[in-house]
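# sequence first, then the predicted structure:
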Amino acid sequence: MPTEPIHRFSRRLFAAGLAGSPFLLAAQSPNGADGEQPFTEPLEFQRRDIARKVNPFAMSQVRLLPGPLQQCAEWNRGYMSRLPADRLLHNFRLNAGLPSTAEPLGGWEAPTSEIRGHAVGHYLSACGLRYASAGDAQIKARGDELVAELARCQSKLDGNGYLSAFPTGFFDRLDQGKKVWVPFYTFHKIMAGLLEMHVHAGNRQALEVAAGMADWADRWTAARSESHMQEILKTEFGGMNEVLYNLAAATGERRWARAGDRFAKKTFFTPLALRRDELKGLHANTHIPQAIGAARRYEISSDPRFRQIAGFFWHTVAEARSYATGGTSNREFWRADPGRLAQEWRNGIQHQECCCAYNMLKLTRRLYEWSGDARYFDYYERVLFNHRLGAIQPETGHSMYFLSLAPGAWKTWNAENRSFWCCTGTALEEFAKLNDSIYYQDPGGIYVNLFIASELDARELGIGLRQETRFPEEPRTGISITATPPSTWTLRLRIPAWADGASAKLNGRKLDGMAGAGGYLDISRAWKKGDRVDLELPMRLASEAFPDDPTWQAFLYGPIVLAGDLGSQGLTDSLIQDRQGPETDKAPMETPTLKTSGKDPAEWLKPAGSNPLDFQTTGQPRDVAFRPLNRLWQRFAVYWKVS
């Protein structure tokens with residue numbers, strides 16, 4: 001039967017989750033308890049790290065086994081290996097006055113592009129992440145080569161720490177209020193890539209170069225008044241606050257955190273601290289990274305205002321501004337009021353910028369670590385399997401900019417050497433770290449949050465796990481114990497909200513007292529090597545309607561969004577390659593109304609063929625084949641008119 005959206009938290013849970021926040025009472029009135037807004041006074045940073053409820057295992061301790069995620073990671077690795085270092089470095093060398101005979105890249109990395117250099121930062125992040133996730137020495141060597149050359153460029157640029165592929169004149173224009181693209185956004189990508197190379201690949205030189213960039217950014221922002229900085233922050237600046245907080249955490253230097261505070265955009269943060277959704281009209285991926293920065297500020301300072309900001313932002317986007325896939329935005333902006341998803345959907349056909357999905361997953365990880373609430377991973381799973389795994393082109397490793405939900409839309413891809421959109425960059429990172437959220441730990445045990453074929457080597461605990469699964473093609477997973485200490489510990493298995501009636505067996509014997517959907521099944525015992533837990537996760541068909549127009553519905557099987565296969569009529573290579581999204585005059589297309597009469601989808605949507613995730617409508621004026629959205633590469637429709 002039709003169900004409530006299963007990837008959204010209830011409002012009661014949201015209120016209960018924030019009840020312990022010391023800032024909540026001050027935030028309940030429009031002006032705060034003392035009549036003041038939360039950010040009227042300058043921020044004062046004091047280092048006081050929070051105690052997380054759960055912690056992720058290092059990516060080096062988790063390895064993907066053969067399956068769809070490992071396949072995506074290899075496609076991405078192939079694309080990374082085909083991008084020549086000298087072409088990536090070309091604009092940096094020219095900007096530093098160094099010779100370069102390399103053929104320039106195109107698109108957003110062309111020598112005339114004002115965002116040039118951003119993809120190199122993403123690439124560095126991907127190199128560090130790939131090394132941590134797969135021990136890839138060749139990719140690490142490529143990252144080390146880039147770091148060494150960037151250090152050389154930095155030393156040639158007046159020795160003041162500045163590093164970019166464009167001149168400082170771009171920042172002069174920003175300072176003067178003149179038209180310029182996004183200089184701090186690009187600066188952030190480079191800094192973040194360097195820091196990832198240090199944290200994940202152990203490159204000390206990368207930390208030194210990043211610190212030099214931070215020094216330049218600190219001096220530049222400190223020379224501007226607070227009010228002028230707030231004007232400057234109207235231009236997209238990526239995650240400058242987050243990367244400076246990360247640098248402060250990595251080095252113990254409070255100075256970088258104080259510099260990060262200069263990127264606290266008050267017109268964005270204050271309504272969120274007061275639990276008000278004023279996101280309509282805002283550019284989505286300008287602001288999601290700022291919320292990630294707020295979350296990081298909370299983690300290293302324990303300032304509850306920043307927890308409130310990050311928490312309320314996540315909830316309002318995930319609950320009231322996300323499509324069935326978990327993606328958000330239209331034409332890069334939020335263009336409707338919260339809960340008006342049908343209106344948002346109709347505002348254009350460039351739905352769901354992929355950077356937004358990537359960054360919402362980053363934010364979800366942080367909030368989950370504070371609470372250990374399994375329902376964050378219901379959302380994470382939804383976005384990962386439906387949006388992200390369907391946004392990489394098989395074999396080429398090319399990726400998407402928008403995942404359109406217009407009826408008759410199709411998937412479009414970056415070109416090998418001439419696109420380099422922001423979403424090309426975030427895809428390089430995403431598919432280099434697909435093992436980063438499968439397993440977590442607390443002092444008493446290990447959490448299994450995602451059903452992905454993989455191995456965990458928690459040697460510091462004396463524990464090893466092997467997860468064998470074909471999920472979601474099969475609604476089950478098996479966990480084998482490959483190493484264990486003699487003492488008792490707890491294996492915590494996520495029971496998704498969609499898996500009502502889940503069951504488990506330990507060494508072939510059924511377990512009693514199963515946890516309810518939306519929580520964890522905790523199995524505490526003195527484990528033995530060779531013990532095995534088999535978890536059955538029943539998947540059912542369900543519908544999910546727009547809250548403001550229930551006559552338009554999407555259909556899911558378990559957490560998997562099903563899309564109607566509309567064929568490839570009219571599609572050519574020129575409409576698919578080097579396109580940010582489908583063309584307005586070729587989509588949407590007319591789709592038939594489904595006559596469901598409010599029935600359970602299982603009554604008119606039947607299994608079809610040998611793949612258990614393929615379905616076919618029955619009894620419709622025009623029957624349609626439904627397949628997982630992440631496996632459809634031609635025209636499709638996710639939302640359908642029903643009667």
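Arrived safely, thanks for sending.

# what's the local residue count around residue 269?
Neighbour count of residue 269, defined by other C-beta atoms under 10 Å: 24. No exception for glycine: its C-beta is placed from N, CA and C like everyone else's.

# mind listing what's buried along the host helix or strand of it?
Residue 269 is part of helix 266-273, with elements assigned from DSSP states H and E. Applying a neighbour-count criterion of 16 or more other C-beta atoms under 10 Å, the buried positions in helix 266-273 are 268, 269, 270, 271, 272, 273.

# need these in CSV (columns: distance to residue 318 and pLDDT).
Formatted as CSV, those follow (distance: C-beta to C-beta, whole Å; pLDDT from 0 to 100):
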residue, distance to residue 318, pLDDT
268, 18, 98
269, 19, 97
270, 21, 96
271, 17, 97
272, 14, 97
273, 18, 96
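
# ok, those vs residue 383, which is closest?
Using C-beta to C-beta, residue 272 is the member of the buried residues of helix 266-273 that lies nearest residue 383, at 20.9 Å.

# strands along the stretch 301-450 of the chain, start to end?
439-442, 445-448 (DSSP state E, counting those that start in this stretch).

# out of those strands, nearest to residue 636?
Minimum separation from residue 636 across these (C-beta to C-beta) falls at strand 445-448, 31.6 Å.

# one step back: most packed of the strands of the stretch 301-450 of the chain?
strand 445-448 (a mean of 22; mean count of other C-beta atoms under 10 Å).

# what is that one packed up against?
When contacts are defined as 3 or more C-beta pairs under 8 Å, 6 or more residues apart in numbering; DSSP states H and E, strand 445-448 sits against strand 439-442, strand 463-468, strand 489-495, strand 519-525.

# and that strand, which strands flank it?
strand 439-442 (antiparallel), strand 489-495 (parallel) (DSSP bridges).

# any chance of JSON lines for these, columns mean pLDDT and distance to residue 426?
Converted to JSON lines, the strands paired with strand 445-448 look like this (pLDDT from 0 to 100; distance: least, C-beta to C-beta, whole Å):
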{"stretch": "strand 439-442", "mean pLDDT": "98", "distance to residue 426": "23"}
{"stretch": "strand 489-495", "mean pLDDT": "97", "distance to residue 426": "25"}
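
# which of those sits closest to residue 347?
Judging these by C-beta to C-beta, what sits closest to residue 347 is strand 489-495, at 34.8 Å.

# now the helix or strand just after the closest one - C-alpha only, CSV.
Later in the chain than strand 489-495, the nearest helix or strand by DSSP H and E is strand 503-506. C-alpha atoms of strand 503-506 as CSV (Å, rounded to 0.1, in the frame of the first residue of the first chain):
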residue,chain,number,x,y,z
SER,A,503,14.9,-11.7,10.3
ALA,A,504,18.3,-13.1,11.1
LYS,A,505,20.1,-16.4,11.7
LEU,A,506,23.2,-17.1,13.7
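
# just checking, what packs against strand 503-506?
Counting by 3+ C-beta pairs under 8 Å, 6+ apart, strand 503-506 packs on strand 519-525, strand 532-536.

# tell me which residues touch the residue nearest the centre of the chain, please.
In the chain, the residue lying closest to the centroid (C-alpha atoms, centre = their mean) is residue 358, at 2.3 Å. Contact analysis of residue 358 by C-beta atoms under 8 Å, 6 or more residues apart in numbering lists 388, 423, 426, 427, 429, 430.

# quick check: the last one vs residue 115, distance?
Separation of residue 430 from residue 115 (C-beta to C-beta, to the nearest Å): 19 Å.

# show me which of those two is the more surrounded one.
Using other C-beta under 10 Å as the criterion, residue 430 and residue 115 rank with residue 430 on top: 29 against 22.
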